[in-house]
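*Asks:* okay, predicted coordinates and the sequence, questions at the end:
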Amino acid sequence: MRQAIRASTAGLIGREQLAELIVLAAVAQEHLLVVGPPGTAKSAVVRRVAQSLGGRYFEYLLGRFTEPSELFGPVDLNKLRAGTVETDVTGMLPEADVAFLDEVFLGSTAILNTLLGVLNERRFRRGHTQLHCPLRVCVGAANALPDDEGLAAFGDRFLLHVFVEALPDHQLEAMLSGGWRSDHSPSGMGNAMVDLDTLCQQLKQVDLSGVQPALANAIRKLRQSGVQLSDRRIVKSQRLLAAAAVLAGRLHTTEADLWPLLYVLPTQEAQQSARDVLRDAFANANHPHLLSAVEEATLQPLSRAARLAESARACLEGEPAAARAQTESVLREIDANFNSEQLPEALAGLRGQLVERLASFVSAPVSAPASA
């Protein structure tokens with residue numbers, strides 16, 4: 001699964017968090033809402049994760065005039081002539097393993113009501129058609145959260161909420177280099193769906209007793225600070241904590257698995273407030289594979305160092321032709337986050353190797369042009 005994440009984010013700088021949360025949601029068999037401005041690679045990440053996982057993928061951009069048949073399929077005319085109203089779902093959302101619905105809040109009432117059954121119960125009902133949906137995860141995207149209470153209630157069906165922004169200035173060089181490479185790199189179909197299903201089957205065997213006291217205390221702290229969560233979201237958050245444990249290779253939870261709780265909070269303001277309220281509860285948060293998701297949830301030095309260490313190793317193992325910009329970007333980020341006294345020993349060693357590699361690029365002789 002970690003290989004699927006890395007493959008899906010190659011060249012898409014700063015979007016590892018989104019890819020990791022899609023995988024976490026898929027293992028938990030929950031859904032994710034991503035909110036951010038246009039042009040922030042939301043659809044590109046979802047598309048690539050789906051390609052890495054394999055299976056059937058459905059994507060659609062909703063609008064005010066989108067018809068239900070555009071998502072769920074047209075009425076089967078042959079059966080209609082026989083007096084039966086059935087839907088031909090071939091290649092449509094009810095058959096998808098992974099789905100991406102852009103501008104999801106623009107759907108009509110008929111679309112959203114049908115989606116509720118697909119998302120909550122994995123059942124599609126329309127006319128005489130009733131069938132089970134194999135959907136592992138649906139990602140909805142929007143530029144902003146809706147003000148309408150009815151739409152907000154629909155958005156609440158997405159257990160995870162993640163907010164993305166344009167990349168900061170210090171990552172611009174890496175974005176340009178990575179974007180150019182990704183545009184010219186072939187993307188193949190992965191085959192991780194069997195692995196995903198294996199992890200999903202392990203979910204019900206996870207022992208949650210190791211994290212439930214910490215989870216209850218975290219909810220109390222949030223309530224005391226004025227941050228509220230519905231009972232449904234609190235109970236379902238345990239699926240994310242269990243999925244984090246499974247993805248770490250464990251069938252028991254610890255307090256290190258508490259970090260997904262932040263993404264259960266439905267608004268950006270609530271998440272920002274919770275980072276301060278839960279700073280102590282998140283002090284030991286870590287994960288061997290979901291590095292960026294943990295870092296963005298906790299903003300703790302431990303998680304940041306782990307993610308930078310992996311980036312440094314990937315840079316040192318990368319192709320020399322594309323390594324200089326990556327090396328400079330990783331060094332710039334390490335130095336922006338740690339001074340010499342705070343730098344962890346393992347990361348300090350990797351930084352030294354990056355400096356040596358960068359020096360080799362600078363000192364490398366330039367080949368003379370071949371004579372005509």
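*Replies:* Alright, I've got the coordinates.

*Asks:* what are the ranges of the strands in the stretch 151-300 of the chain?
*Replies:* 160-163 (DSSP state E, counting those that start in this stretch).

*Asks:* so where's it uncertain?
*Replies:* 167-190 (pLDDT under 70).

*Asks:* three-state assignment of Val34?
*Replies:* Put simply, Val34 is strand when judged by DSSP: H, G, I helix; E, B strand; the rest coil.

*Asks:* my read: it touches Gly140, true?
*Replies:* Yes - Val34 lies in contact with Gly140 (Cβ atoms under 8 Å); the separation is 7.4 Å. C-beta here means a position set from N, CA and C on the backbone, and glycine is covered the same way.

*Asks:* show me where the stretch 201-350 of the chain has its helices.
*Replies:* Using DSSP state H, counting those that start in this stretch, the helices of the stretch 201-350 of the chain run over 212-224, 231-247, 261-264, 268-277, 291-298, 301-317, 320-337, 345-363.

*Asks:* number of residues surrounding Val46?
*Replies:* Residues within reach of Val46, counting by other Cβ atoms under 10 Å, total 28.

*Asks:* quick check, it in contact with Phe100.
*Replies:* Yes - applying Cβ under 8 Å, one finds Val46 in contact with Phe100, separated by 4.3 Å.

*Asks:* how does this protein divide up, domain by domain?
*Replies:* The chain breaks down into these domains under automatic domain parsing: 2-173, 208-299, 302-360.

*Asks:* now the first one: how far from the chain's centre is it?
*Replies:* So the one you mean is domain 2-173. 13 Å (Cα atoms, centre = their mean, to the nearest Å).

*Asks:* the stretch 1-150 of the chain: helices as residue ranges?
*Replies:* 2-8, 16-28, 42-53, 68-72, 77-81, 109-121, 149-155.

*Asks:* which of the residues in the first one are buried?
*Replies:* Neighbour-count burial for helix 2-8, counted by 16 or more other Cβ atoms under 10 Å, picks out 4-5, 7-8.

*Asks:* how about stretch 248-262?
*Replies:* So for stretch 248-262, counting by 16+ other Cβ under 10 Å, buried means 248, 250, 253-262.

*Asks:* touching that stretch from outside, list them.
*Replies:* With contacts defined as Cβ atoms under 8 Å, 6 or more residues apart in numbering, stretch 248-262 is touched by 24, 160, 202, 205-211, 214-215, 218, 237, 240-245, 271, 274-275, 278, 281-282, 284-289, 293-294, 297-298.

*Asks:* buried subset of these?
*Replies:* Buried among these by 16+ other Cβ under 10 Å: 24, 160, 202, 206, 210-211, 214-215, 218, 237, 240-245, 271, 274-275, 278, 281-282, 284-287, 289, 293-294, 297-298.

*Asks:* what about Asn217, how many neighbours?
*Replies:* Counted with other Cβ under 10 Å, Asn217 comes out at 15.

*Asks:* related to what we said a few turns ago, for the helices of the stretch 1-150 of the chain, give me a markdown table that also has distance to Gln342.
*Replies:* Below are the helices of the stretch 1-150 of the chain laid out as a markdown table (distance: least, Cβ to Cβ, whole Å):
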| stretch | distance to Gln342 |
| --- | --- |
| helix 2-8 | 27 |
| helix 16-28 | 23 |
| helix 42-53 | 31 |
| helix 68-72 | 50 |
| helix 77-81 | 68 |
| helix 109-121 | 44 |
| helix 149-155 | 39 |
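
*Asks:* can you tell me which of those is most buried?
*Replies:* When the helices of the stretch 1-150 of the chain are scored by mean count of other Cβ atoms under 10 Å, the highest mean neighbour count falls to helix 16-28 (a mean of 26).

*Asks:* can I get that one in CSV, CA atoms only?
*Replies:* Output in CSV follows, covering the C-alpha atoms of helix 16-28 (Å, rounded to 0.1, in the frame of the first residue of the first chain):
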residue,chain,number,x,y,z
GLU,A,16,1.1,12.8,-0.2
GLN,A,17,-1.3,13.6,2.7
LEU,A,18,-4.3,13.3,0.4
ALA,A,19,-3.2,10.0,-1.1
GLU,A,20,-2.5,8.6,2.3
LEU,A,21,-5.9,9.6,3.6
ILE,A,22,-7.6,8.1,0.6
VAL,A,23,-5.9,4.8,1.4
LEU,A,24,-6.8,5.1,5.1
ALA,A,25,-10.4,5.8,4.2
ALA,A,26,-10.4,2.8,1.8
VAL,A,27,-9.2,0.4,4.5
ALA,A,28,-11.7,1.8,7.0
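
*Asks:* how far is stretch 347-360 from where the chain is centred?
*Replies:* Worked out by Cα atoms, centre = their mean, stretch 347-360 lies 30 Å from the chain centre.

*Asks:* show me the contact partners of that stretch.
*Replies:* 305, 308-309, 312-313, 315-316, 323-324, 327-328, 330-331, 334, 338, 343.

*Asks:* so the residue nearest to Ala26 when sequence neighbours are not counted versus Leu196, what's the distance?
*Replies:* If the residues on either side of it in the chain are set aside, Ala26 comes closest to Val137, at 4.0 Å by Cβ to Cβ, 6 or more residues apart in numbering. Distance of Val137 to Leu196, computed by Cβ to Cβ, to the nearest Å: 9 Å.
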